[in-house]
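[1] no FASTA, just this:
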């Protein structure tokens, strides 16, 4: 199949075939990252702008490396050092960047839906690098890629997503992606952090980590997002850690070869006990390096779809 | 569409035997040789050359594959971008006599992309080019060192190499529209 989408905004709208094509393309892109000269000329002449309205080191660096490995020209924009501080709107900023030649815009924004706004108004391709609590497609795709790489498949796996589901765009994108590729998704967390939208998905909801983790192939722990906690969702971090933190005794209930994942950065001792965090460290770092390959695949396919339209 | 069979299984096999002898003669054996096939059918021809070298010299030279998709010079003008496959060169090409193998040479642009790919892996002593069919119409100053068959074609004609590994039969055909 050929990729027909000019934008990659979220996994909710991608089909299983499109997701699989991105993952397959990422496999070839990973090989490029393993060479001595980690650069190919595929996107020579294409200008990509990273438009980041939220602080991010990991995601922005990963996108930037992916762009440079494909030989794109890269323009970085952070809202704190721009005319946004003088009152310029998102749309005006993006239009200016497009006028400067950016044909692909990677946007991270604290408000859900911001990438859709740009996709509707601009000619550029838009890639969502995280919008509010809504979606984070590139992170979910790299999680899917890492799971497929370690387990050899996704279909039929029991995947637990644990923690602050309500505020997690990573969880939301992963629930769509994993379900579409045939995994059994189990979502677990305090009732206050389990969103209502789960009823529209195939995910099974749990409120007890021990029960959710029984027989699991993959456990994906989410970060407690202190910056999005505008009211008290649980009595204390200590209590949260006691009931929903992943410790060795809880993990015993999963399958023997269980894979523990975390999108990072980890709050050590809260979501994961430090010994598990260190054990899982290699996978977490795999997730980081796979992020570059997945983002290269996203750029390649979006650029190809732009040509088609 | 009229079909003209240029090579059958026997002539393809004979060409590979001859080309392998020429490679071994020019490089004084197979010690420094590495063989790299261009996806897809160049890889199968490369494998046959490796097997032949092994049979004659009792040496199995390292073999790799290149996918030229990310190095194409026509991506910006193409509407449908090709699927990216893996390049697999899991040995050092430094100081090797690299034998680059493709099924057909036409404009030379695929070869240019393959050369660029290999150079990103290191600096071989030399890169020598094997093609089963040279159909002419070069757009770049690239010439093969070893050729199975050289033919004059019209640009409107299509040259198709079918190999048992992917196509159930061994033959080279020219299709006239």
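    Received it, and whenever you're ready, just let me know what you need. Since the model is a prediction, treat every value here as computed from it, not as a measurement.
[2] Measure how buried the nearest residue to residue A:169 once chain neighbours are set aside is and give me the count.
    Spatially, and ignoring its direct neighbours in sequence, residue A:169 is nearest to residue A:136 (4.1 Å; CB to CB, 6 or more residues apart in numbering or on different chains). (Each C-beta comes from the backbone N, C-alpha and C, glycine too.) Neighbour count for residue A:136, taken as other CB atoms under 10 Å in any protein chain shown: 27.
[3] Residue A:136 and residue A:173 touch, don't they?
    Yes: at 5.2 Å, residue A:136 counts as touching residue A:173 under the criterion of CB atoms under 8 Å.
[4] re earlier: please tell me how far the residue nearest to residue A:169 sits from residue A:214.
    Shown here: residue A:136 relative to residue A:214, a distance of 28 Å by CB to CB, to the nearest Å.
[5] ok, the residue in the stretch 101-250 of chain A positioned nearest to chain B - contacts?
    Ranked by CB to the nearest CB, the top residue of the stretch 101-250 of chain A for proximity to chain B is residue A:103, at 11.1 Å. Taking CB atoms under 8 Å, 6 or more residues apart in numbering or on different chains, we find residue A:103 in contact with A:46-48, A:124-125, A:306.
[6] Can you tell me which of those residues has the most neighbours?
    In the contacts of residue A:103, the most neighbours by other CB under 10 Å go to residue A:48, 27 neighbours.
[7] ranges for the strands of chain A?
    With strands called from DSSP state E, chain A shows them at A:47-52, A:73-78, A:102-109, A:125-131, A:158-162, A:184-188, A:204-206, A:218-221, A:259-261.
[8] Between these, which one is closest to residue B:165.
    Evaluated with CB to CB, the strands of chain A place strand A:259-261 nearest to residue B:165, the distance being 36.0 Å.
[9] by contact count, what packs against the closest one?
    With contacts defined as 3 or more CB pairs under 8 Å, 6 or more residues apart in numbering or on different chains; DSSP states H and E, the packing partners of strand A:259-261 are helix A:137-151, strand A:218-221, helix A:281-308.
[10] Now with 10 Å, please.
    helix A:137-151, strand A:158-162, strand A:218-221, helix A:274-279, helix A:281-308 (3 or more CB pairs under 10 Å, 6 or more residues apart in numbering or on different chains; DSSP states H and E).
[11] any chance of the ones you listed in CSV, plus mean pLDDT and distance to residue B:46?
    Shown next, in CSV, are the helices and strands packed on strand A:259-261 (pLDDT from 0 to 100; distance: least, CB to CB, whole Å):
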stretch, mean pLDDT, distance to residue B:46
helix A:137-151, 97, 28
strand A:158-162, 97, 41
strand A:218-221, 95, 39
helix A:274-279, 86, 43
helix A:281-308, 89, 26
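[12] Format those as CSV; extra columns: distance to residue A:250.
    What follows is the helices and strands packed on strand A:259-261, written out as CSV (distance: least, CB to CB, whole Å):
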stretch, distance to residue A:250
helix A:137-151, 20
strand A:158-162, 10
strand A:218-221, 9
helix A:274-279, 9
helix A:281-308, 18
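[13] so for stretch A:9-18, what's the average pLDDT?
    The average pLDDT within stretch A:9-18 is 97.
[14] Could you tell me the end-to-end distance of that stretch?
    13 Å (CA to CA, to the nearest Å).
[15] list the buried ones in that stretch?
    Residues A:9-12, A:14, A:18 are the ones in stretch A:9-18 that count as buried (16 or more other CB atoms under 10 Å in any protein chain shown).
[16] try stretch B:47-64
    B:47-50, B:52-53, B:61-64.
[17] what does the stretch 151-300 of chain A put close to chain B?
    A:296-297, A:300 (CB under 10 Å from any CB of the partner chain).
[18] Which of the helices and strands in chain B ranks last by mean pLDDT?
    strand B:2-7 (a mean of 90; mean pLDDT, DSSP states H and E).
[19] Downstream of that one, the next helix or strand is which one?
    Later in the chain than strand B:2-7, the nearest helix or strand by DSSP states H and E is helix B:9-26.
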